[in-house]
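Q: build me a model:
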Amino acid sequence: MKNIKLNVVATSILLVVFTFFTACEKEEVVENKTANVEASEKESTVKTIELSNEQKEKVKINTLKIETSSSKLTIQAPAIVSPAPDYFFVVSAPVNGRVVSLFAHEGEAVKKGQLIIEIESSQFGNLIAEFLQSKSEEKYAKENLDRITKLIDKKISSASEYDRASADYIRAQASANASYSKLKSIGISNTEITNLVEGKNISTRLKIYSPITGVIDQHLVEMGQAVNEYQKLATIINPVKVLVKGYVSPSEGNYVKVGDKVTISIKNDLAKSIDGKIATINPGLDENNKSIVVNVLINTKNGWPRTGENVKLNIISNANSDAIIIPLSAVVFEENSAVVFVKVADGKYEKRIIVIEEINSNNAIVSSGLKANEEIAISELFTLKALSRFDEFSE
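A: Presented below is the predicted three-dimensional model:
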């Protein structure tokens with residue numbers, strides 16, 4: 001009986017020992033398998049595509065060498081053409097009145113100082129009368145002051161009379177200056193004022209002259225029409241120079257600066273283009289589209305571009321010397337990853353995941369995954385992508 005119990009105990013001990021060693025072996029196998037899986041996954045992040053001789057003949061792959069020192073960023077932006085400062089003028093009515101003459105019409109060229117509109121105005125007549133009256137009073141006060149000055153020299157007049165005459169002259173002079181300023185503010189020339197003082201050509205018709213050389217763009221009044229003070233009568237544009245306003249996204253605006261070269265073109269007419277430079281950049285965002293406004297002043301070529309026209313800007317900006325900029329067309333996307341194909345040898349490409357810091361119209365700024373002097377494929381990307389997938393499926 002004792003022998004049977006000993007045999008049972010010994011058997012139990014052997015079973016426990018066997019189970020322990022078996023479990024250890026299983027854990028070791030599982031750990032080895034896990035390590036192998038992690039290693040294989042790590043190796044799988046870098047895929048190499050090697051083309052056969054036949055594939056190299058059929059698939060012609062163009063490459064681009066990465067050069068950080070000469071990296072240039074091309075930014076595209078929509079733009080609209082506006083009149084250049086000092087090349088656009090709004091003609092307004094300086095007084096209330098009625099249009100009695102129009103000497104130039106829409107589309108007609110005018111020169112600076114050319115008569116374009118006449119307005120008949122009682123308000124203008126009152127200003128003339130006020131001016132003539134104030135000049136007359138100034139003249140009388142001056143003559144009276146001179147007469148009393150002579151009497152004082154002869155000790156005939158008193159000092160109080162001189163002080164009163166002097167004060168009257170100062171008041172008359174101030175009134176005449178105020179009347180003169182009123183006439184100047186409505187556009188009366190010095191020659192016309194001299195004629196008024198001398199009694200020549202006194203008329204209630206206010207003449208309006210073109211302030212710049214250009215072309216009548218809009219005519220907003222007709223003959224006989226009553227107009228109010230400060231009412232808009234016409235616009236004049238000199239088409240020799242224009243202001244092109246480009247709208248750049250805030251993220252791309254970090255790379256543009258005053259002096260950057262710009263090519264202005266039309267989307268459907270590549271032959272029509274003109275070069276310029278960014279003159280100024282507005283400090284705030286445009287209220288309508290929340291964009292940074294860049295201003296380009298250019299001389300027109302054969303009358304182009306025209307005011308009001310929508311155009312396209314290609315801004316060439318120098319990026320930082322350590323920035324890696326590649327064409328966006330050289331990047332393919334797999335799920336959430338950006339991928340490029342780096343040439344490592346003839347007919348051999350490495351499929352590599354990169355991190356893109358910024359994307360603009362045509363370029364991608366890469367923060368990691370690429371180095372200077374490496375070559376990337378810029379054509380047949382989907383062929384390379386398909387070959388990499390084929391290798392994965394075959395595995």
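
Q: CA atoms for contacts and neighbours, from now on please.
A: Fine.

Q: so who does the closest residue to Thr149 other than its chain neighbours touch?
A: In space, Thr149 comes closest to Tyr162 once its chain neighbours are excluded; the distance is 6.7 Å by CA to CA, 6 or more residues apart in numbering. By CA atoms under 8 Å, 6 or more residues apart in numbering, the contact list for Tyr162 reads Leu145, Ile148, Thr149, Ile152.

Q: kindly report the same for Asn96.
A: Ser121, Gln123, Ala226, Val227, Asn228, Glu229.

Q: again, only using 7 Å
A: Contacts for Asn96 (CA atoms under 7 Å, 6 or more residues apart in numbering) come out as Ser121, Gln123, Val227, Asn228, Glu229.

Q: can you turn the buried part of the residues you listed into a ChimeraX selection?
A: In ChimeraX, a selection of the buried entries from the contacts of Asn96 looks like this (16 or more other CA atoms under 10 Å):
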select :121,227
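
Q: just the ones of the contacts of Asn96 in helices?
A: Taking DSSP state H as the definition of helices, the contacts of Asn96 contribute Gln123.

Q: nearest to Leu220 among the contacts of Asn96?
A: Val227 (10.5 Å; CA to CA).

Q: now the closest one: how far from Pro94?
A: With distances taken as CA to CA, to the nearest Å, Val227 is found 10 Å from Pro94.

Q: cool, and Ser122?
A: Computed as CA to CA, the Ser122 to Pro94 distance reads 13 Å.

Q: low pLDDT regions in this protein?
A: 1-46, 68-71, 201, 270, 319-322, 361, 391-395 (pLDDT under 70).

Q: again, only this time at 80
A: 1-46, 67-73, 153-157, 200-204, 267-271, 318-323, 358, 360-362, 390-395 (pLDDT under 80).

Q: longest strand in it, by residue count?
A: strand 269-285 (DSSP state E).

Q: without its sequence neighbours, what residue ends up closest to Val256?
A: Ser317 (5.9 Å).

Q: distance of the one you found from Lys261?
A: Applying CA to CA to Ser317 and Lys261 gives a distance of 7 Å.

Q: kindly report the same for Asp168.
A: 65 Å.

Q: which elements pack onto the longest strand of the chain?
A: Under the contact criterion of 3 or more CA pairs under 7 Å, 6 or more residues apart in numbering; DSSP states H and E, strand 269-285 touches strand 261-266, strand 292-299.

Q: nearest to Asn310, out of these?
A: strand 261-266 (7.8 Å).

Q: by how many degrees do that closest one and strand 292-299 diverge?
A: Comparing the axes of strand 261-266 and strand 292-299 via axes from the mean of the first three to the mean of the last three CA atoms, to 10 degrees yields an angle of 80 degrees.

Q: just the buried residues of strand 261-266, please?
A: Buried residues in strand 261-266 (16+ other CA under 10 Å): Lys261, Val262, Ile264, Ser265, Ile266.

Q: and the third one, bridged to which residues?
A: Residues found in beta-bridge contact with Ile264 (criterion: DSSP bridges) are Ile274, Leu313.

Q: return the set of buried residues in stretch 142-155.
A: Lys142, Asn144, Leu145, Ile148, Thr149.

Q: now do stretch 246-258
A: By neighbour count with 16+ other CA under 10 Å, stretch 246-258 contains the buried residues Gly246, Tyr247, Val248, Ser249, Glu252, Gly253, Tyr255, Val256, Lys257.

Q: not counting sequence-adjacent ones, nearest residue to the fifth one?
A: Once flanking residues are discounted, Glu252 sits nearest to Asn360: 6.6 Å by CA to CA, 6+ apart.

Q: ok, now the fourth one?
A: In space, and not counting its chain neighbours, Ser249 is closest to Ser291: 5.0 Å by CA to CA, 6+ apart.

Q: what sits against the one you found?
A: Taking CA under 7 Å, 6+ apart, one finds Tyr247, Val248, Ser249, Pro250, Leu285 in contact with Ser291.

Q: run the last query once more with 10 Å
A: Ala77, Gly246, Tyr247, Val248, Ser249, Pro250, Ser251, Glu252, Gly253, Asn282, Gly284, Leu285 (CA atoms under 10 Å, 6 or more residues apart in numbering).

Q: most widely separated two among the residues you listed?
A: Once CA to CA is applied, the contacts of Ser291 give Ala77 and Gly284 as the farthest pair, at 17.0 Å.

Q: quick check: Glu229 touching Gly97?
A: Yes. Counting by CA atoms under 10 Å, Gly97 is a contact partner of Glu229 at 8.0 Å.

Q: overlap in contacts, those two.
A: With CA under 10 Å, 6+ apart, Glu229 and Gly97 have common neighbours Gln123.

Q: picking that back up, for Ile116, state which of the buried residues of stretch 246-258 is nearest.
A: Gly246 (34.5 Å).

Q: now do the SS call for the spatially closest residue to the closest one that is not a sequence neighbour.
A: Distances taken as CA to CA, 6+ apart place Ala79 nearest to Gly246, at 4.1 Å, with adjacent residues excluded. Counting by DSSP: H, G, I helix; E, B strand; the rest coil, the backbone at Ala79 sits in strand.

Q: work out for me the element Ser251 sits within.
A: In the assignment (DSSP states H and E), Ser251 maps to helix 250-253.

Q: who are the packing partners of that helix?
A: For helix 250-253, the packing partners by 3 or more CA pairs under 10 Å, 6 or more residues apart in numbering; DSSP states H and E come out as strand 72-83, strand 292-299, strand 348-359.

Q: between those strands, which gets nearest to Ile61?
A: Across the helices and strands packed on helix 250-253, the minimum distance to Ile61, taken as CA to CA, is reached by strand 348-359, at 10.4 Å.

Q: so what's Ala84 up against?
A: 237-244, 296-299, 307.

Q: hmm, Ile61 is touching Glu375, no?
A: No. Ile61 lies out of contact with Glu375 (CA under 10 Å); the separation is 11.4 Å.

Q: mutual contacts of those two, please.
A: By CA under 10 Å, 6+ apart, no residue touches both Ile61 and Glu375.

Q: neighbours of the nearest residue to Ser203 once chain neighbours are set aside, how many?
A: With sequence-adjacent residues excluded and distances taken as CA to CA, 6+ apart, Ser203 is closest to Gly125, at 7.5 Å. Close neighbours of Gly125, defined as other CA atoms under 10 Å, add up to 16.
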